[in-house]
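In: quick check, what structure comes out for this input:
(chains A and B)
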Amino acid sequence: KAGVTQTPRYLIKTRGQQVTLSCSPISGHRSVSWYQQTPGQGLQFLFEYFSETQRNKGNFPGRFSGRQFSNSRSEMNVSTLELGDSALYLCASNFLQTAGGQETQYFGPGTRLLVL
Amino acid sequence: AQSVAQPEDQVNVAEGNPLTVKCTYSVSGNPYLFWYVQYPNRGLQFLLKYITGDNLVKGSYGFEAEFNKSQTSFHLKKPSALVSDSALYFCAVSLGRLYFGRGTQLTVWP
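Out: Predicted coordinates:
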């Protein structure tokens, strides 16, 4: 099976702009989670989608949003970019048979966003 | 509140020596624990997980981890380190979502 795909891999934006990142999970996986990784804050959970519904949300401002499509592909959007949004954004794919199941999350290579 | 601690920012070990990367956790209920590894400019790769059962879990690339409920620890181990094991290691606990430790940079010297 192909792994988790994230596009683009690298992105440079300026403050105030918005950005959309894409994630295609492993075939058959219906749950997608997003994480932000920075040197200062480490790995922080953004949100999780399962069958096109947001199931869980981390502690990020409303500028961070996401959605999931019927084919399980997911996008996350960051509006009004700030310098502090520079980070590696990781998408994780999870089969998730049942709510609260402890299946393994498999991560994509990430999108590295630089905000100037 | 759920939390995961990796008390060492860096671990240095000579090739061929055993290695240990430490992790302690604080969760309510039964923990589901994971180890991931991250190589430079890459995403996270799954190494192993503990859900229930045997306290010694074997994973990828010769790694294993020991779950200790009384000490609330889940240390990652490998009997003989390789230079190629040099990477950033993350411990995580799953409670509907993953809570990660801050990561431990492992350097294996030739």
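
In: so A:G84: helix, strand or coil?
Out: Classification of A:G84 by DSSP: H, G, I helix; E, B strand; the rest coil places it in helix.

In: ok, now which ones touch it?
Out: A:V115 (C-beta atoms under 8 Å, 6 or more residues apart in numbering or on different chains). C-betas here are computed from N, CA, C, even on glycine.

In: and it, how far from A:R15?
Out: Separation of A:G84 from A:R15 (C-beta to C-beta, to the nearest Å): 10 Å.

In: okay, and the common contacts of the two?
Out: What both A:G84 and A:R15 touch, as defined by C-beta under 8 Å, 6+ apart, is the set A:V115.

In: sheet-wise, list the partners of the host helix or strand of B:E66 with their directions.
Out: Assigned by DSSP states H and E, B:E66 falls within strand B:64-68. Strand B:64-68 sits in its sheet next to strand B:56-58 (antiparallel), strand B:73-78 (antiparallel), going by DSSP bridges.

In: that strand: which residues count as buried?
Out: For strand B:64-68, a neighbour-count test (16 or more other C-beta atoms under 10 Å in any protein chain shown) marks B:E64, B:A65, B:E66, B:F67 as buried.

In: can you give the distance of it from its chain's centre?
Out: 9 Å (C-alpha atoms, centre = their mean, to the nearest Å).

In: dump that strand to CSV, keeping only the CA atoms.
Out: Provided in CSV are the C-alpha atoms of strand B:64-68 (Å, rounded to 0.1, in the frame of the first residue of the first chain):
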residue,chain,number,x,y,z
GLU,B,64,12.1,-3.0,22.1
ALA,B,65,10.4,-1.2,25.0
GLU,B,66,9.6,-2.2,28.5
PHE,B,67,6.3,-1.1,30.0
ASN,B,68,6.4,-0.7,33.8
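
In: what's in contact with that strand?
Out: So strand B:64-68 is contacted by B:33, B:35, B:48, B:50, B:55-59, B:73-78 (C-beta under 8 Å, 6+ apart).
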